[in-house]
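Chemist: heads up, no residue letters with this:
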């Protein structure tokens, strides 16, 4: 659950075993997992949830989720809310995070990831879809006249553009 107050937001969990409210965030190296009794699953080192702007507008907080596929993970991380350049990062178990894009003049979306590719969009007045192969590192992109949102259904990649769902052929 996320509780909103005047100056901040707080993340909390209810323990299934005791019914008690647990208000301490277990940290960046855990993600929610509703199939576990503790409701959280540890991530392999050094993979972490990214920091995102807090909805209160007073800083950054840990993201609720992280896009994951096997040992791979991807997220858009922010260091601060003042002129926040987002950084699209690719993470892998046992390896240092790799910066794929610093989004200074465009708004980068949260990436989607499969075992084959990672994809995100870069939006200003136009939209640009960027797809990077995890096997080869090859990057492909396509632009559209309106901002885009990447979506993943199974292993199929789609983008939403002005209320329409478009399938992406890879």
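Modeler: Looks like it arrived, so ask away. Because the structure is a prediction, the values reported are computed rather than measured.

Chemist: Return the backbone torsion pair for the residue nearest to residue 87 when sequence neighbours are not counted.
Modeler: Of all residues not flanking residue 87 in the chain, residue 77 sits nearest, at 5.0 Å (CB to CB, 6 or more residues apart in numbering). Every residue, glycine included, has its C-beta placed from N, CA and C. Here is the backbone geometry of residue 77 (degrees, to the nearest 10): phi -110, psi 140.

Chemist: how many neighbours does residue 77 have?
Modeler: Using other CB atoms under 10 Å, residue 77 has 19 neighbouring residues.

Chemist: Could you do residue 72 as well?
Modeler: So residue 72, with other CB under 10 Å, has 20 neighbours.

Chemist: Start at 51, not 1
Modeler: Shifting the count to begin at 51 puts that one at residue 122.

Chemist: picking that back up, how much space is there between the residue nearest to residue 137 and residue 113?
Modeler: Distance, residue 127 to residue 113, by CB to CB, to the nearest Å: 8 Å.

Chemist: Could you please give me the overlap between the contact lists of the two?
Modeler: Residues touching both residue 127 and residue 113 (CB atoms under 8 Å, 6 or more residues apart in numbering) are 100, 101, 102.

Chemist: buried sites along the helix or strand harbouring the last one?
Modeler: With the criterion set as DSSP states H and E, the secondary-structure element containing residue 102 is strand 101-103. Buried positions in strand 101-103, judged by neighbour count with 16 or more other CB atoms under 10 Å: 101, 102.

Chemist: average pLDDT across that strand?
Modeler: Throughout strand 101-103, pLDDT has a mean value of 86.

Chemist: what lines up beside it in the sheet?
Modeler: strand 110-112 (antiparallel) (DSSP bridges).

Chemist: and the strand or helix carrying residue 168, what other elements does it pack with?
Modeler: Element membership of residue 168 [criterion: DSSP H and E] is strand 167-173. Packing partners of strand 167-173 (3 or more CB pairs under 8 Å, 6 or more residues apart in numbering; DSSP states H and E): strand 122-127, strand 145-153, strand 157-158, strand 162-163, strand 177-183, strand 198-203, strand 206-211.

Chemist: Which residues does that strand contact?
Modeler: Counting by CB under 8 Å, 6+ apart, 117, 122, 124, 126, 138, 140, 150-151, 153, 156-163, 177-184, 197-200, 202, 207, 209, 218, 220 sit against strand 167-173.

Chemist: just how off-centre is the helix or strand residue 192 falls within within its chain?
Modeler: Secondary structure from DSSP H and E places residue 192 in strand 189-194. The chain centre lies 20 Å from the centre of strand 189-194; the measure is CA atoms, centre = their mean, to the nearest Å.
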